[in-house]
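Structure here, sequence nowhere to be found:
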């Protein structure tokens, strides 16, 4: 397997606004081909980080390295910016045709007209807006405008693609359709991406690594499984949500349900999925049932697993139980049940959840 | 009443037959005001854009000055230009008082703040993030300014139209620094003043009609621009 090559790195970067430090990143390394999601609440510093990495904002401390070389901020900074592309939440299109909009970055780089024509039409097609090339940008719908903005960024074939909540302003069907198309183009181009979102599900679908930010700092960074299932602190835990997030591969399919292999175990879920497809299964803790350990009935029951209790956290009226069933799982039990079942850490119990209680997210590669 | 109707009738005749005197005055007007507007365009848009896109101490004062300049009384401009170009004045050696050049200078001084002020407002009105997006696309500062100017082309056109409209109908400064010399510095407005005071209503009315038509055209274009600017 190829050694991961670093492509973008921030060291000791700090950004100030009005005297206050709004971003502080001691270290961030992005490798070629990876998709990193920045999640966090509004004001967490996601936009600041993206803009600082593109040197649209100047850090008052620290350095940015691109392909191992330090980026110097002077009047030639545009050379560095030409290796990146940044898409904002608003399409920010120019008052001209879709074609001219998508060609804008290429015209800036002095590309010849025939080459521009070829490149622009290619990306317009890939984003499904080829038929709109001569339309005025003012007449586009929200989804069409954002596609144009994305095509404009793709057309310059950047080394790193930065997206700042690009789907935030779209209605759900447009979002869905655009996310799917974007996933496809990203895969085809093997683009390195860094995107900010406050939607965990979006982060899950589009990223290999997630960085949780708050108040200008990266609190935790790691694979989706790590961040979602092993949150470093209460903030991360409350931000990423209480669901258990499991990564699996579909190994069997029946009409309407499928079985996914998760850490060697078989989990049945309701939904449509293809054999061999990667899926993400989300299980809410209130849907997980704990019972006394028994080795009977294991072969016939669906989604019934033995599990060891790793940690019990009291949440007042109920308890949060962290389990290890070969994969991590979080369950809620009432104080009453806690007593009845004499639950304590290290105890092995039987854990079950219904196939219908699983929320399936199809990762599509 | 007969006077007026007779005047109107004769005016139409002058216009329809392209009377050389009337046409000559019209052409001179367009040349002088056109040149003045061109100068005001170059200075006004560049400074207006520069101030709009930059930040420096005292910026607010500069913006106020520009806005004040938009309301500069043309007669006052005429006064100061006359003083400067007067025989014993600081620029008297140039000997350009009572020449078309003097009118161009005066009109340029009148139009420039107008163009500057509207350009400033137009460029400031562009979404702030648009600037960031343009830079993110890898533009140099110059490329960015050029793209922003293209984005604001309609309000900038309005600025130019407003500047032109202001000077083509200006009479005070034009008479003061031009002298209303026949075939040389006699423009539409100054000629109308003179012909009216002499009672030559047919010529005055003909010139008046031309001025009205010009004013209407300018406003028509401005209105079109304004209506197009309305977002959906």
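Received the coordinates, thanks. Only a predicted model underlies this, so the values are computations on that prediction, with no experimental measurement involved. Numbers count the residues shown, from 1 in each chain, chains lettered A, B, ... in the order given.

Spatially nearest residue to the residue in chain A positioned nearest to chain B, not counting backbone neighbours?
Nearest residue of chain A to chain B: residue A:82, at 3.4 Å (CB to the nearest CB). The way it works is simple: take the backbone N, C-alpha and C, and place the C-beta from them, glycine included. Once flanking residues are discounted, residue A:82 sits nearest to residue B:138: 3.4 Å by CB to CB, 6 or more residues apart in numbering or on different chains.

swap in residue B:210?
Closest to residue B:210 by CB to CB, 6+ apart is residue B:26, at 5.6 Å.

which parts of the helix or strand containing the one you found are buried?
In the assignment (DSSP states H and E), residue B:26 maps to helix B:20-53. By 16 or more other CB atoms under 10 Å in any protein chain shown, the buried positions in helix B:20-53 come out as B:22, B:25-26, B:28-29, B:32-33, B:35-41, B:43-45, B:47-53.

List the buried residues for the helix or strand where residue A:260 lies?
Here residue A:260, judged by DSSP H and E, is contained in strand A:257-262. Residues of strand A:257-262 classed as buried: A:257-260, A:262 (neighbour count, 16+ other CB under 10 Å).

ok, now stretch A:318-326?
Neighbour count says stretch A:318-326 has A:318-325 buried, by 16+ other CB under 10 Å.

as a whole number, average confidence for it?
Averaging pLDDT along stretch A:318-326 gives 90.

just how off-centre is the helix or strand hosting residue B:174 within its chain?
In the assignment (DSSP H and E), residue B:174 maps to helix B:172-178. On the basis of CA atoms, centre = their mean, to the nearest Å, helix B:172-178 is displaced by 14 Å from the centre of the chain it belongs to.

on that earlier part again, which helices and strands does the strand holding residue A:260 pack with?
Judged by 3 or more CB pairs under 8 Å, 6 or more residues apart in numbering or on different chains; DSSP states H and E, strand A:257-262 is in contact with strand A:244-254, strand A:265-270, strand A:278-283.

show me what contacts the residue in chain B that chain A sits nearest to?
Nearest residue of chain B to chain A (CB to the nearest CB) works out as residue B:138 at 3.4 Å. Counting by CB atoms under 8 Å, 6 or more residues apart in numbering or on different chains, residue B:138 touches A:78-79, A:81-82, A:105, A:108-109, A:156.

Next one, pLDDT for it please.
At residue B:138, pLDDT is 94.

What parts of chain A come near chain B?
Applying CB under 8 Å from any CB of the partner chain, we find that chain A lies next to chain B at A:51, A:54, A:56, A:75, A:78-79, A:81-82, A:84-86, A:88, A:90, A:92, A:94-95, A:104-105, A:108-109, A:138, A:152, A:156.

helices or strands up against the lowest-mean-pLDDT helix or strand in chain A?
Ranking every helix and strand in chain A by mean pLDDT, DSSP states H and E puts helix A:234-240 at the bottom, with a mean of 80. Contact partners of helix A:234-240 among helices and strands, from 3+ CB pairs under 8 Å, 6+ apart: strand A:209-214, strand A:217-222, helix A:224-229.

and that helix, how far out from the chain's middle?
That offset, for helix A:234-240, works out to 16 Å (CA atoms, centre = their mean).

now do stretch A:213-221
Distance, centroid of stretch A:213-221 to centroid of chain: 15 Å (CA atoms, centre = their mean).

Stretch B:10-18 now?
With CA atoms, centre = their mean, you get 27 Å for stretch B:10-18.

Contacts for it next, please.
B:22, B:201-203, B:205-206, B:208-210.

The residues you listed: which two are farthest apart?
B:201 and B:210 (14.6 Å; CB to CB).

all strands in the stretch 51-200 of chain A, in order from the N-terminus.
All strands of the stretch 51-200 of chain A, identified by DSSP state E, counting those that start in this stretch, fall at A:61-66, A:69-70, A:84-87, A:160-164, A:192-197.

I'd like the ones you listed laid out as CSV, including mean neighbour count and mean pLDDT.
As requested, the strands of the stretch 51-200 of chain A are exported to CSV (neighbours: other CB atoms under 10 Å in any protein chain shown; pLDDT from 0 to 100):
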stretch, mean neighbour count, mean pLDDT
strand A:61-66, 16, 93
strand A:69-70, 10, 90
strand A:84-87, 25, 96
strand A:160-164, 23, 95
strand A:192-197, 24, 94
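
quick check, nearest of the contacts of stretch B:10-18 to residue A:242?
Relative to residue A:242, the closest of the contacts of stretch B:10-18 is residue B:210; by CB to CB it sits at 78.9 Å.

Count residues in the vicinity of that closest one, would you?
19 (other CB atoms under 10 Å in any protein chain shown).

Quick check: it touching residue B:30?
No: with contact defined as CB atoms under 8 Å, residue B:210 does not reach residue B:30; the gap is 10.0 Å.

just to confirm, which helix or strand has the residue nearest to residue B:109 when sequence neighbours are not counted in it?
Nearest non-adjacent residue to residue B:109, counting by CB to CB, 6+ apart: residue B:77, 5.1 Å away. Element membership for residue B:77, per DSSP H and E: helix B:74-85.

Off-centre distance for that helix?
16 Å.

Check which residues of it are buried.
Buried residues in helix B:74-85 (16+ other CB under 10 Å): B:74, B:77-79, B:81-82, B:84-85.

Which strands and helices lie in contact with it?
Right, helix B:74-85 is packed against helix B:100-124, helix B:172-178 by 3+ CB pairs under 8 Å, 6+ apart.

Whichever of the contacts of residue B:138 end up buried, select them in PyMOL.
Of those, the buried ones go into a single PyMOL selection, burial set by 16+ other CB under 10 Å:
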select buried, chain A and resi 78+81+82+105+108+156
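
Need the contacts of residue B:138 in TSV (columns: pLDDT).
Shown next, in TSV, are the contacts of residue B:138 (pLDDT from 0 to 100):
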residue	pLDDT
A:78	92
A:79	93
A:81	94
A:82	95
A:105	94
A:108	95
A:109	94
A:156	95
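
Tell me which two of the contacts of residue B:138 sit farthest apart.
Going by CB to CB, the pair spanning those furthest: A:79 and A:105, at 13.8 Å.

With adjacent residues omitted, what lies nearest to the residue nearest the centre of chain A?
In chain A, the centroid-proximal residue (CA atoms, centre = their mean) is residue A:203; its distance is 1.9 Å. Once flanking residues are discounted, residue A:203 sits nearest to residue A:37: 3.8 Å by CB to CB, 6+ apart.

What of residue B:176?
That would be residue B:78: by CB to CB, 6+ apart, it lies 3.6 Å from residue B:176.

For that neighbour, which residues are in contact?
B:106, B:172-177.

picking up where we left off before, and the angle from the strand holding residue A:260 to strand A:244-254?
Calculated by axes from the mean of the first three to the mean of the last three CA atoms, to 10 degrees, strand A:257-262 forms an angle of 130 degrees with strand A:244-254.

tell me the mean pLDDT over strand A:257-262?
Mean predicted confidence for strand A:257-262 is 92.

Direction-wise, compare it with strand A:265-270 and give the angle.
Put simply, strand A:257-262 runs at 150 degrees to strand A:265-270, going by the same axes, to 10 degrees.

for the buried residues of stretch A:318-326, which one is nearest residue B:154?
residue A:320 (59.9 Å).

Just give the closest residue to the closest one, not the sequence neighbours.
Using CB to CB, 6+ apart, the closest residue to residue A:320 is residue A:313 (4.4 Å).

Is the one you found in a helix, a strand, or coil?
strand (DSSP: H, G, I helix; E, B strand; the rest coil).

Quick check: it touching residue A:322?
Yes: counting by CB under 8 Å, residue A:313 touches residue A:322, with 7.5 Å between them.
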